[in-house]
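Participant: here is a sequence with its predicted model. Questions after.
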Amino acid sequence: MALKMACIQLDIAFGNPEENKKRVRSEIEKVMLQQPDIIVLPELWSTGYDLTRLDTIADEHGSDTKAFISELSRLYNVNIVAGSIAKKTDTGVTNTMYVMNRHGEIVLEYSKLHLFKLMNEHLYLQPGKTEGLFTLENTLCAGVICYDIRFPEWLRVHTTKGAEMIFVVAEWPLPRLNHWRVLLQARAIENQCYVIACNRAGRDPNNIFAGHSMIIDPWGEIISEADENPCSIVAKIDLDKVKQVRQQIPIFTDRRPDWYIN
Ligand SMILES: O=C(O)CCC(=O)C(=O)O
């Protein structure tokens, strides 16, 4: 089965959800001219890393984001992996990904499990408590957020359950661009799955971001890659390739989990 993927590598307005909603609406309208099946947005696209102001700008229970993304997915009849947003709950703020299908129904709510201390996430955010498995277009998928990709065992939890596409949403800084590219390729090769990774572009008061959103096939080949600038990348993927690669080198049947230390 072939699917067309689009990553919107947004330049996020710092701490300005209303402006970012305008940008997302306009970028989705533009990218729909290429008729993608699935659109991916970056991490914390509505606020950026304006963590000290989350009290006033985080989305109460994610309600505003859910209504906004649901409207767009129905309007354009498209699946949206809606990056992540700061969600205000009764017990704190989480960095939460929503995935909506073409009918505007939520098929995943996942909150970032591994909080990134280098960007102070642990001081302002609560970690998630659920995994990132979901189904889109009859295909099992996983959603993870930025720093999560440094934990291969977390992605493995999802691919041993059958995930064939891993969606990564990020605000990955430029100084570690090399890690971003190598880790994403490694996650695709070791899990023999598609990796669709959407990073942000631009800068905020503390960081310059790397861009380089990528779509990588189960053999580790980069099908499409952005540069550092705001843009969208669009590419077709063929899910039969996941089965072919998994048959050719059958790591999921050859693995010896009883020998691995947790
Ligand atoms: O792991 C890294 O180097 C970057 C992670 C990050 O920026 C994040 O999780 O927001």
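Facilitator: In hand now; what should we look at?
Participant: what does the stretch 1-150 of the chain have sitting close to the ligand?
Facilitator: Residues of the stretch 1-150 of the chain that fall close to the ligand, judged by CB under 6 Å from any ligand atom: 116, 119, 146-147, 150. For glycine as for every other residue, the C-beta is placed from the backbone atoms N, C-alpha and C.
Participant: show me which pair in those residues is furthest apart.
Facilitator: M119 and R150 (13.3 Å; CB to CB).
Participant: comparing these two, which residue is more hemmed in?
Facilitator: Using other CB atoms under 10 Å, the more surrounded residue of M119 and R150 is M119, with 17 against 13.
Participant: the helix or strand where I196 lies - what's its average pLDDT?
Facilitator: Using DSSP states H and E, I196 sits in strand 194-198. Confidence for strand 194-198, expressed as mean pLDDT, is 99.
Participant: give me the contact status of that strand with the ligand.
Facilitator: No. Judged by CB under 6 Å from any ligand atom, strand 194-198 stays clear of the ligand, getting no closer than 12.3 Å.
Participant: gap between that strand and the chain center?
Facilitator: In terms of CA atoms, centre = their mean, to the nearest Å, the centre of strand 194-198 is set 7 Å apart from its chain centre.
Participant: and the contacts of that strand?
Facilitator: 5, 7-9, 38, 40-42, 81, 83, 164-170, 180, 184-185, 187-188, 213-218, 237, 239, 241-242 (CB atoms under 8 Å, 6 or more residues apart in numbering).
Participant: tell me the phi and psi of the closest residue to Y124 other than its chain neighbours?
Facilitator: Among residues not flanking Y124 along the chain, L51 sits closest, at 4.2 Å (CB to CB, 6 or more residues apart in numbering). Dihedral pair for L51: phi -70, psi -30, per degrees, to the nearest 10.
Participant: distance of L51 relative to the ligand?
Facilitator: 11 Å (CB to the nearest ligand atom, to the nearest Å).
Participant: so Q126 bridges to which residues?
Facilitator: Taking DSSP bridges as the rule, Q126 bridges to T94.
Participant: repeat for I222
Facilitator: For I222, the beta-bridge assignment (DSSP bridges) gives partners I216.
Participant: I'd say it and I215 touch.
Facilitator: Yes. Using CB atoms under 8 Å, I222 makes contact with I215 at a distance of 7.4 Å.
Participant: looking at these two, which has the bigger crowd around it?
Facilitator: Between I222 and I215, I215 has the larger neighbour count (other CB under 10 Å), namely 27 against 16.
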